[in-house]
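Participant: Pasting a predicted model and its sequence here:
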Protein chains: 2
Amino acid sequence: MTEKTNTQNDSVPNRAKISRRNILKTAGIGGVGVILGASGLGGLLSLNEGNAATADRKDIVPFYGKHQGGITTKTQNHVYFVSLDVTTTKKDELVKLFKDWTKAAALLSEGKAVGELSSNEFLPPKDTGEAAGLSSANLTITFGVGPSLFVKDSQDRFGLKQKQPKELVDLPKFPLDALDEAWTGGDVCIQACADDLQVAFHAVRNLIRIARGKAILRWAQTGFQRTKQADPKSETPRNLFGFKDGSANPDVKSEKQMNEHVWVQPGDGPNWLVNGSYLVVRRIQMFIEVWDRTTLKEQEKTFGRYRDSGAPLGQKEEFETLDLKKKNEKGEYSIPVDSHTRQSHGDGSQKILRRAYSYSDGMDVKTGNFDAGLLFLCFQRTPSKQFIPIQNRLAKMDKLNEYTSHRGSAIFACLPGAKQGGFIGETLFN
Amino acid sequence: MTEKTNTQNDSVPNRAKISRRNILKTAGIGGVGVILGASGLGGLLSLNEGNAATADRKDIVPFYGKHQGGITTKTQNHVYFVSLDVTTTKKDELVKLFKDWTKAAALLSEGKAVGELSSNEFLPPKDTGEAAGLSSANLTITFGVGPSLFVKDSQDRFGLKQKQPKELVDLPKFPLDALDEAWTGGDVCIQACADDLQVAFHAVRNLIRIARGKAILRWAQTGFQRTKQADPKSETPRNLFGFKDGSANPDVKSEKQMNEHVWVQPGDGPNWLVNGSYLVVRRIQMFIEVWDRTTLKEQEKTFGRYRDSGAPLGQKEEFETLDLKKKNEKGEYSIPVDSHTRQSHGDGSQKILRRAYSYSDGMDVKTGNFDAGLLFLCFQRTPSKQFIPIQNRLAKMDKLNEYTSHRGSAIFACLPGAKQGGFIGETLFN
């Protein structure tokens, strides 16, 4: 045993820019990757790096930038979402954690390991290894901070109290909320999205490992979307009720719309959050067995849209502007008053960027039915003017409530992006 | 309301050969799919069918055949595995269920809905719709029957007692088993594997819906594998300990090996299971946080293989024959006596076809750690000569037991495949 045996595994080495692909390739040459010295390995890698990076560049979402990834990024197939409780009481340790996370997340986004895979057999490997050889799968990692990071049990935990935005407070209790502590709140969130669940899991696992002694898991939820449309033009994914979800989203390609609805702007509140966004998470259980016994007509009236096409009732195309005044031959509104679409839309002044995933967690032992539903994730500039009024309307009137139950809830301020050399959280902590 | 409103939703219509893709396309033309009569819709579909089928044929695994799919099929990215309890007491209802399941599974395998998506708005839709527009994603559906379908509480439930194979009995209790009833046993299993989790979920959900009044969910577990290797030559997936899993599998392309190790042969037992196989399922929790604190050397000695290359310790290539006699410079076996590889291998006479998936089910609330591990699925010709002796050795000696716990267990006889016009279970029930 050497002194190094005691080295903690909770930081990211500076020189760890090692491609998972190339480690594998190197090891493959002679099956002796484990006995190569770190410097020799580095030499080999730099020779190979160019090709591999070029070949896979289409799967890589850049980590550094004005905004964090995973918000306006084209929705990937899988999410691994975790909420953490911060356990350290020291601000410098918290800041170190965000610095280490930033470096690790940047490496992971490029399909690289968070440290040498196996340079020293007398240490635990820096990277847990299950993503070795995998492509980066458009991995994005998005960090957010919850209200309880600022003040918890009336304590100004890290001297950040005066920086807490007015908008970053616990959501009000909505009518019909049936929240379970096990799926609620958190000091920090990490949303890892990728087209490969193993890549997303690997990212979150390694980030939590880096947090050892500083933060612990509070809750975790995976989610999925369809992988491949048979018809590439039909992009809007379907939820587990069989309906398209997200038809009325603002356009992520419009900087104007994103600035209006999603990104926090100068003057909105504390400057540290400018170019960030607020994330509201709701774990919504869907009673799919009950839904499956209702008629198509009832289902379509509940949503206010046709199931097949996604078009608003009485209209023709999925992306048509809602015609809320249109009436049918009986003189009733085509899109019923209590329909999900009408109540979500309201007067049209509130828009949120939905980025939801379905979940399926085996059987609900209480009912014997599927424990399945929607991990509803939405981004916005001002929760008090966007998610909260929308959800107040929905909780009061939405006919869909007969088939769903909100079991988890949290709000986070997703930090602005970082520049290369900087770190996520820099504007908040400095 | 018409008389049809009372029609039960638990059977598959004969004429339901409707492509999900084309329904969507049809509805898209005018957004009026819902008001097209069934016959008109059928006409449109047959015009379109050819193109769509051709375009997607590479994602389709044929359902009918000598053997069921999902056994020697190249492992897909996701599994949705469910175990069911049969609630009907009538054999004819049970047989009807398998007939309906067969028809539905054949349609699902081709990327089709299990019935008209929306031909009659006064009925619940025959298909739940969330896979509309998705490609078939190599979906396979594999049905198995458990010991309790034959005899439960000493009762010969369906007059099948004399047909129960000697091999189809509850597994013995192995040392260290920590089984939870919630993940154990079942009368029938359905294994749905696909490259798209939404497609696998949709399949299982619709099959369970068809079973309404005849069978109910007992337990359900999703699993995943990596989606895409950066290096296509490196096929063996890695488990959540970062090691390759499945290196020593028999070759699914060798009919000889499959007949020797996987498919039940004439003379092995009752004829009805010839060309079928026994499936053993174990839900193995992996204590990844503990594992992550051990040194690479310890990890590699635990498996008996190098992490990076997958080669046996002291050897060079992943697929080399194990050299169990080789010793290192200290005179110890290179592949340690208590290593997983040596104990799994034994004298080499027992081989099973492993088809395992990783799982991650959020947080284990008891420990605050990940509830993650391996949904171990293995196929074999004779459990008493294959899985059982292997697991007896592993449970006694395997060093990996320090990091894992077997929490669920079941055994099923996977029925032989069906011919077009026949049904899965035909040889058992007739």
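Facilitator: Arrived safely.
Participant: hey, let's count contacts and neighbours off CA atoms from now on
Facilitator: Fine.
Participant: which stretches of chain A have low pLDDT?
Facilitator: The model of chain A has pLDDT under 70 over residues A:1-57, A:117-119, A:229-234.
Participant: can I assume residue A:359 sits in a helix?
Facilitator: No: secondary structure assignment (DSSP: H, G, I helix; E, B strand; the rest coil) places residue A:359 in strand, not in a helix.
Participant: residue contacts, it?
Facilitator: Residue A:359 is in contact with A:221, A:222, A:223, A:224, A:372, A:373, A:374, A:375, counting by C-alpha atoms under 8 Å, 6 or more residues apart in numbering or on different chains.
Participant: residues from the stretch 301-430 of chain A in reach of chain B?
Facilitator: Proximity of the stretch 301-430 of chain A to chain B, by C-alpha under 8 Å from any C-alpha of the partner chain, involves residues A:306, A:308-309, A:311, A:315-317, A:360-363, A:368-369.
Participant: domains of chain A?
Facilitator: According to automatic domain parsing, chain A comprises the domains A:14-252+A:419-429, A:286-411.
Participant: Check the offset of the longest one from the chain's centre.
Facilitator: Pointing back at domain A:14-252+A:419-429 there. 9 Å (C-alpha atoms, centre = their mean, to the nearest Å).
Participant: go on, the shortest one?
Facilitator: The chain centre lies 20 Å from the centre of domain A:286-411; the measure is C-alpha atoms, centre = their mean.
Participant: any bit of stretch A:61-72 sitting next to chain B?
Facilitator: No: Stretch A:61-72 lies out of reach of chain B by C-alpha under 8 Å from any C-alpha, never closer than 16.0 Å.
Participant: Report how far apart the opening and closing residues of that stretch are.
Facilitator: End-to-end distance for stretch A:61-72, by C-alpha to C-alpha, to the nearest Å: 11 Å.
Participant: Where does residue A:216 fall, secondary structure wise?
Facilitator: Element membership of residue A:216 [criterion: DSSP states H and E] is strand A:215-224.
Participant: and that strand, C-alpha only, in CSV?
Facilitator: The C-alpha coordinates for strand A:215-224 follow below in CSV (Å, rounded to 0.1, in the frame of the first residue of the first chain):
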residue,chain,number,x,y,z
ALA,A,215,-24.1,16.3,-0.9
ILE,A,216,-26.3,13.3,-0.9
LEU,A,217,-29.1,11.9,-3.1
ARG,A,218,-32.6,13.1,-2.1
TRP,A,219,-34.6,11.5,-4.9
ALA,A,220,-34.0,10.2,-8.4
GLN,A,221,-36.2,9.6,-11.4
THR,A,222,-35.6,8.2,-14.9
GLY,A,223,-37.7,9.1,-17.8
PHE,A,224,-38.0,8.1,-21.4
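Participant: elements contacting it?
Facilitator: When contacts are defined as 3 or more C-alpha pairs under 8 Å, 6 or more residues apart in numbering or on different chains; DSSP states H and E, strand A:215-224 packs onto strand A:78-86, helix A:197-210, strand A:357-364, strand A:369-380, strand B:357-364.
Participant: and the very next helix or strand once past it, which residues are buried?
Facilitator: Sequence-wise, the next helix or strand downstream of strand A:215-224 (DSSP H and E) is helix A:255-261. Across helix A:255-261, burial judged by 16 or more other C-alpha atoms under 10 Å in any protein chain shown covers A:258, A:260, A:261.
Participant: Stretch A:373-389 too?
Facilitator: Going by neighbour count (16+ other C-alpha under 10 Å), the buried part of stretch A:373-389 is A:373-384, A:386-388.
Participant: What is the end-to-end distance of it?
Facilitator: Distance across stretch A:373-389, first residue to last, is 22 Å (C-alpha to C-alpha).
Participant: quick one: contacts of that stretch?
Facilitator: A:71, A:167, A:171-172, A:221, A:223, A:239-240, A:260-265, A:277-287, A:350-360.
Participant: could you flag which of these are buried?
Facilitator: The buried subset of these (16+ other C-alpha under 10 Å) comprises A:71, A:167, A:171, A:221, A:223, A:239-240, A:260-265, A:277-287, A:350-360.
Participant: Alpha carbons only: can I get stretch A:239-255 in PDB?
Facilitator: Presented in PDB, the C-alpha positions along stretch A:239-255 are these (Å, rounded to 0.1, in the frame of the first residue of the first chain):
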ATOM      1  CA  ASN A 239     -47.400  10.700 -23.500                       C
ATOM      2  CA  LEU A 240     -48.700   7.500 -21.900                       C
ATOM      3  CA  PHE A 241     -52.300   8.500 -22.600                       C
ATOM      4  CA  GLY A 242     -51.400   8.200 -26.300                       C
ATOM      5  CA  PHE A 243     -51.700  12.000 -26.900                       C
ATOM      6  CA  LYS A 244     -49.100  14.300 -28.300                       C
ATOM      7  CA  ASP A 245     -47.400  16.400 -25.600                       C
ATOM      8  CA  GLY A 246     -45.700  19.700 -26.300                       C
ATOM      9  CA  SER A 247     -47.600  20.800 -29.400                       C
ATOM     10  CA  ALA A 248     -47.900  24.400 -28.100                       C
ATOM     11  CA  ASN A 249     -44.400  24.800 -26.900                       C
ATOM     12  CA  PRO A 250     -42.600  28.100 -27.700                       C
ATOM     13  CA  ASP A 251     -40.000  27.800 -30.500                       C
ATOM     14  CA  VAL A 252     -36.600  26.900 -29.100                       C
ATOM     15  CA  LYS A 253     -35.000  28.200 -32.300                       C
ATOM     16  CA  SER A 254     -36.400  31.700 -31.800                       C
ATOM     17  CA  GLU A 255     -34.000  33.700 -29.600                       C
END
